[in-house]
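K.L.:
Model the structure of this input:
(chains A and B)
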Amino acid sequence: MGDAVTDANGAMEQAPAGLAPSPEPFGMFRDVEKRFALGDGSHLKAIEKLSLTLEKGQLISLLGPSGCGKTTFLRIVAGLERASSGEVRIEGKSVSEPHPDFAFVFQQPNLMPWRTVLENILFPLEIRREKTPQGVARARELVELVGLAGFEDRYPSELSGGMQQRVALCRALVHDAKLLLMDEPFGALDELKRMEMHDLLLSIRARTGVTVLFVTHSISEAIYLSDTVAVFSRRPATIRDLIQIALPYPRQSEQRYGAEFTRYEHEASRLLGIVR
Amino acid sequence: MTSGAYYRSVFPFIGLCVIVAVWQAYTELFTVSSVVLPSPSDIFLASVENFGTLMRHTWPTLVECVLGFALAIAIGIPIAVALSSSTLLNLTLYPILIAMQSVPKVAVAPIILVWFGLGIESKLAIAFLVAFFPIVVDTATGLNATPKGLLELAKSLRATRWQIFYKVQFPSALPFVFAGAKVAVTLTVIGAVIGEFVGSSEGLGNLLLTANSQLNGPLAWAALIWLSVLGMALFGVVALVERLSMPWAKDSGGH
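P.N.:
Reported below is the predicted structural model:
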């Protein structure tokens, strides 16, 4: 179901120009299932027959009600959990453990209180033993890009929640990840901060061409950010349908109030079962 | 903040002055024998007159405390690391540690004296024994309390077990380590004095015992006060090291 829709419309006009369709898409997820063993010997089915393709440079939002299993799916793609059955492939390779070219952005900033802003951003490079002068320079560039210049040597406790999440975003980008996996990263922020972060994420994506899977339960967030919104069902999670968002990039906040945006919101709400 | 710090030092000082004044008045009004309860001024005079003696006896006690504490850190932290990294070791060792802790150290002191003799070794052993437990327990608790999100982050970056330990778990356990160390360092003073009580020729505990047997109340009390000053000073040093090694937590202290 999912594949057909992606191929049929939308994706082509949003995908970065000059990309010839490869034999296998960047990310391919087919019939992914996840069952959790419960204490009494029975199983809880979290994900059922979930299929999705992800083209290079795409930004797909996974939109669904809280607790539906979309985060579990993201964690499977990240290699933090394993699917019970089905195929999870990125660049033709099956994902079974965290991949060095992926970056995960959590709902909480997850900064280390004992490290300064810059040291937190450099953490992935230290783990990969790639902390070079170029890496440090890149980290400083990112700090500037997210508007935190001058805060490099501050500790996380001295920053607001929004600033902390900006640092977490820098940390995810410092090692040139090919795939950004974001799990409701702006969920803890107030609405104004969240809208700022949307534009920041989109500008970073425009600069780097990074591919993004973005988990959210906010309809407007999903529509504003994505070229494709994958609407999830209730548990066990599967994809109800894909909505191709034809709003042109670079997106601007005015678009949030247009008729087209409202139409997408209505369609998503209908798929979520909120309205008829 | 500054006015808070001001009040935190002024009020205890006022309290201390009131207690000393009442104490002084009581001993003078009721002409209490200095063997039973010397007046603060007698204790102060005894401290001044016997300054050399007190200093001479402070040194060995200080050395016993510091070395006993260092030993407790050097042995306690690796044991805590082992406990938190292996379920098997945890299951095996933890009950034994608890059992050891519930043995009264005062009761063990004579045995330790038999093992290690009258020298510094027996005092070190007792100081170590009392300081060891809080360091192990607090460090192990801290190592097990690493925020789950940080562990996930490390996992998503494919950090090795060693990297997770020294870049994530240990720094995040530091506040716990210092909490244990602050308790432990004051306990070493108790340990050292127990050791000196049981058998010694020097140290503030020894001086206290000698002065007491000679019915020299003021000197015994002077030794007692020096002991508590020693304990506070050691606590202060550990608290200072804590502040210096955890600059990110500079606002959270205050005790």
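K.L.:
alpha carbons only for contacts and neighbour counts from here, please
P.N.:
Will do.
K.L.:
domains in the chain, as residue ranges please.
P.N.:
Picked chain A for this. Domain assignment for chain A by automatic domain parsing gives A:2-101+A:178-272, A:111-175.
K.L.:
wait, chain B
P.N.:
Taken from automatic domain parsing, chain B resolves into B:1-31, B:38-249.
K.L.:
out of those domains, nearest to A:Met112?
P.N.:
Closest of those to A:Met112 is domain B:38-249, at 7.5 Å (criterion: C-alpha to C-alpha).
K.L.:
For chain B, which segments count as strands?
P.N.:
Here chain B has no strands by DSSP state E.
K.L.:
Same check on the stretch 101-250 of chain A?
P.N.:
Secondary structure of the stretch 101-250 of chain A (DSSP state E, counting those that start in this stretch): strands located at A:102-105, A:179-183, A:211-216, A:228-232, A:239-244.
K.L.:
Lowest average pLDDT across the domains of chain B?
P.N.:
The minimum mean pLDDT among these belongs to domain B:1-31 (a mean of 87).
K.L.:
May I see the buried residues of that one?
P.N.:
Buried residues in domain B:1-31, counting neighbours by 16 or more other C-alpha atoms under 10 Å in any protein chain shown, are found at B:Trp23, B:Gln24, B:Thr27.
K.L.:
do the same with stretch A:239-257
P.N.:
A:Ile239, A:Arg240, A:Asp241, A:Leu242, A:Ile243, A:Gln244, A:Ile245, A:Ala246, A:Leu247, A:Arg251, A:Arg256.
K.L.:
sorry, back to before: may I see the domains of chain B organised as CSV, with distance to A:Val143 added?
P.N.:
CSV is the format used below for the domains of chain B (distance: least, C-alpha to C-alpha, whole Å):
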stretch, distance to A:Val143
domain B:1-31, 31
domain B:38-249, 20
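K.L.:
B:Ser47: neighbour count?
P.N.:
Using other C-alpha atoms under 10 Å in any protein chain shown, B:Ser47 is surrounded by 22 other residues.
K.L.:
Name the nearest residue to it, sequence neighbours excluded.
P.N.:
B:Ala222 (5.7 Å; C-alpha to C-alpha, 6 or more residues apart in numbering or on different chains).
K.L.:
Enumerate every residue touching the one you found.
P.N.:
B:Ile43, B:Phe44, B:Ala46, B:Ser47 (C-alpha atoms under 8 Å, 6 or more residues apart in numbering or on different chains).
K.L.:
Sort out for me which of these are in helices.
P.N.:
Cross-referencing the contacts of B:Ala222 against helices under DSSP state H gives B:Ile43, B:Phe44, B:Ala46, B:Ser47.
K.L.:
sec struct for the closest residue to chain B within the stretch 51-200 of chain A, please.
P.N.:
Here the stretch 51-200 of chain A gets closest to chain B at one residue, A:Pro98, 5.2 Å apart by C-alpha to the nearest C-alpha. What DSSP: H, G, I helix; E, B strand; the rest coil gives for A:Pro98 is coil.
K.L.:
Now the closest residue to it other than its chain neighbours: phi and psi?
P.N.:
With sequence-adjacent residues excluded and distances taken as C-alpha to C-alpha, 6+ apart, A:Pro98 is closest to A:Gly79, at 4.3 Å. A:Gly79 adopts backbone torsions of phi 80, psi 10, taken as degrees, to the nearest 10.
K.L.:
Just give me the neighbour total for A:Gly79.
P.N.:
Around A:Gly79 there are 20 residues (other C-alpha under 10 Å).
K.L.:
what do you get for the one 3 residues further on?
P.N.:
Using other C-alpha under 10 Å as the criterion, A:Arg82 is surrounded by 19 other residues.
K.L.:
Isn't it up against A:Ile76?
P.N.:
Yes - assessed by C-alpha atoms under 8 Å, A:Arg82 is found in contact with A:Ile76 at 5.4 Å.
K.L.:
do stretch B:233-246 and chain A meet?
P.N.:
Yes - residues of stretch B:233-246 are located near chain A by C-alpha under 8 Å from any C-alpha of the partner chain, namely B:Met246.
K.L.:
Can you point out the buried residues in that stretch?
P.N.:
So, applying 16+ other C-alpha under 10 Å, buried residues of stretch B:233-246: B:Leu234, B:Phe235, B:Val238, B:Ala239, B:Glu242, B:Arg243, B:Met246.
K.L.:
Just confirm the last one contacts A:Trp114, I think it does.
P.N.:
Yes - in this structure, B:Met246 sits in contact with A:Trp114. The criterion is C-alpha under 8 Å, and the distance is 7.1 Å.
K.L.:
What count of nearby residues applies to B:Gly142?
P.N.:
Each residue near B:Gly142 was counted by other C-alpha under 10 Å, and the total is 24.
K.L.:
Could you pull up the residues touching it?
P.N.:
B:Ser172, B:Ala173, B:Leu174, B:Pro175, B:Phe176, B:Val177.
K.L.:
And B:Leu93, by the same measure?
P.N.:
Counted by C-alpha under 8 Å, 6+ apart, B:Leu93 has contacts B:Leu83.
K.L.:
Kindly report the residues of chain A close to chain B.
P.N.:
Counting by C-alpha under 8 Å from any C-alpha, chain A sits next to chain B at A:78-80, A:98-100, A:103-104, A:106, A:108, A:110-115, A:124, A:127-128, A:155, A:157.
K.L.:
Please consider this matter closed, and thank you.
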